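>>> sequence first, then the predicted structure:
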Amino acid sequence: MKIKKMIAPIIITCLLLLYFFLYILGIINIPSQLWVKIIMLIIPLGLMGVSIFVLVERIKEIRSGEEDDLSKY
């Protein structure tokens, strides 16, 4: 039963990572200076890391049985 609740966050995270990866490939192929490319790569790489962190936290929540965050308030 818990696996069904994990499917949506995993799929959304995979789609986000694919989008950011394609964005990074596009930035790499643009002819510009190296420092401009590095600055433009920092944001998608950071967002990729945050997406993975949020996925791991969500899986921990589902496994612990705390499925509804609004029940705290």
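Done, it's in. Since the model is a prediction, treat every value here as computed from it, not as a measurement. Numbering: from 1, shown residues only.
>>> mind checking how far Cys53 is from Ile59?
No, residue 53 isn't Cys; it's Phe. Plainly put, Phe53 is 11 Å away from Ile59 if you go by CB to CB, to the nearest Å. All C-beta spots, glycine's among them, are computed from the backbone N, C-alpha and C.
>>> which residues touch the residue nearest in space to the middle of the chain?
Centroid check for the chain by CA atoms, centre = their mean gives Ser51 as the closest residue, at 2.3 Å. Neighbouring residues of Ser51 by CB atoms under 8 Å, 6 or more residues apart in numbering: 13, 16-17, 20.
>>> what is the nearest of those to Ser64?
Nearest to Ser64 out of the contacts of Ser51 is Thr13 (CB to CB; 18.9 Å).
>>> remind me what whatever helix or strand that closest one lives in packs against, helices and strands.
Following DSSP states H and E, one finds Thr13 within helix 2-29. When contacts are defined as 3 or more CB pairs under 8 Å, 6 or more residues apart in numbering; DSSP states H and E, helix 2-29 packs onto helix 34-64.
>>> where in this structure is pLDDT low?
Within the chain, the ranges that satisfy pLDDT under 70 run 1, 66-73.
>>> quick one: Ile24 from Val50, how far?
In this view, Ile24 and Val50 are 15 Å apart by CB to CB.
>>> who has more neighbours out of the two?
Taking neighbours as other CB atoms under 10 Å, Ile24 and Val50 compare with Ile24 leading, 16 against 11.
>>> what separation do you get for the residue nearest to that one when sequence neighbours are not counted and Leu18?
Counting by CB to CB, 6 or more residues apart in numbering, Pro44 is the residue found nearest to Ile24 once chain neighbours are left out, at 5.5 Å. As for Pro44, its distance to Leu18 is 12 Å (criterion: CB to CB).
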